[in-house]
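Participant: could you look at this predicted model? Sequence included:
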Amino acid sequence: MKLKVGDTLILATHNSGKLKEIQALLSPYRLNIDSSGNLGIEEPEETENTFAGNALLKAEYTATRTGHVSLADDSGLAVHSLDGLPGVYSALWGGPDRDFSMACDKVNRLLGGKPRDATFVCVLAVVWPDGTSKIFKGQSNGQLVWPTRGESGFGYDSMFVPKGDTRTYAQMTPIEKTQTSHRTRAFQLFKKSLLR
Ligand code: ITT
């Protein structure tokens, strides 16, 4: 089950922001990494209502089509005062053009004066071509600010200040974001379980 130097791992994602972060997190392990986006494998419809369900669906889809071990990341922003929304719908709130300034604006309008606690969630699913699978989850708690601040990162980064900091993720360098990110935390578990 362990992955070792030179093993092929296909990242089941079409999101370039995620892809960059995942490639950086995995670079020390010298795996042979490619992505479903790069291989021209279309995106499956995300029909599940949990992060784990959608992560499994995406990784299974890519493992079946490539015959290689595949890793999917299903993630999103769960806003406590909005009963966890946008949650698994985080990408959809960006609309067909994936416009996250619009999505951030929607979150801010719905929140109004309510408490601004939020959690970024990342669930990783690894699926082998024989159907075996493993799931890993990471979270980052923080506060939503308005107006948005910063230009780096992607998605909802410009409105999220992680606990213990005063800057949004979009005001940090990629390495600074990894200190507290939900994705880093999920990858720590992934690495412990599956990497030599
Ligand atoms: P793939 O399914 O192809 O990987 P996607 O963007 O559709 O790409 P998700 O369904 O998991 O991925 O949606 C996650 C959304 O949550 C993503 O589009 C971002 O808007 C947001 N998101 C996830 N992680 C984030 C992060 O680290 N910083 C900011 N926003 C994030």
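Facilitator: Now that the structure is in, tell me what you want to look at. Because the structure is a prediction, the values reported are computed rather than measured.
Participant: report the contact partners of Val5.
Facilitator: Tyr29, Arg30, Leu31, Arg196 (Cβ atoms under 8 Å, 6 or more residues apart in numbering). Every residue, glycine included, has its C-beta placed from N, CA and C.
Participant: quick one: it is in a helix?
Facilitator: No: per DSSP: H, G, I helix; E, B strand; the rest coil, Val5 lies outside any helix segment and is coil.
Participant: and whichever residue of the chain sits closest to the ligand, what pLDDT?
Facilitator: The chain approaches the ligand most closely through Gly155 (2.3 Å), counting by Cβ to the nearest ligand atom. pLDDT, Gly155: 98.
Participant: same deal with Arg196?
Facilitator: Arg196 is given a pLDDT of 77.
Participant: how about the strands in this protein?
Facilitator: Taking DSSP state E as the criterion, the chain carries its strands at 8-11, 32-35, 69-79, 117-127, 133-144, 160-162.
Participant: follow-up on the earlier one: which one is the residue of the chain closest to the ligand nearest to, not counting chain neighbours?
Facilitator: Phe100 (5.2 Å; Cβ to Cβ, 6 or more residues apart in numbering).
Participant: list the contacts for the residue nearest the centre of the chain?
Facilitator: For the chain, the residue sitting closest to the mean C-alpha position, by Cα atoms, centre = their mean, is Ser75 at 4.0 Å. By Cβ under 8 Å, 6+ apart, the contact list for Ser75 reads Lys18, Phe51, Ser90, Phe120, Val121, Cys122, Val123, His182, Arg183.
Participant: what about the nearest residue to Glu46 once chain neighbours are set aside, how many neighbours?
Facilitator: Of all residues not flanking Glu46 in the chain, Asn54 sits nearest, at 4.5 Å (Cβ to Cβ, 6+ apart). Residues near Asn54, counting by other Cβ atoms under 10 Å, number 24.
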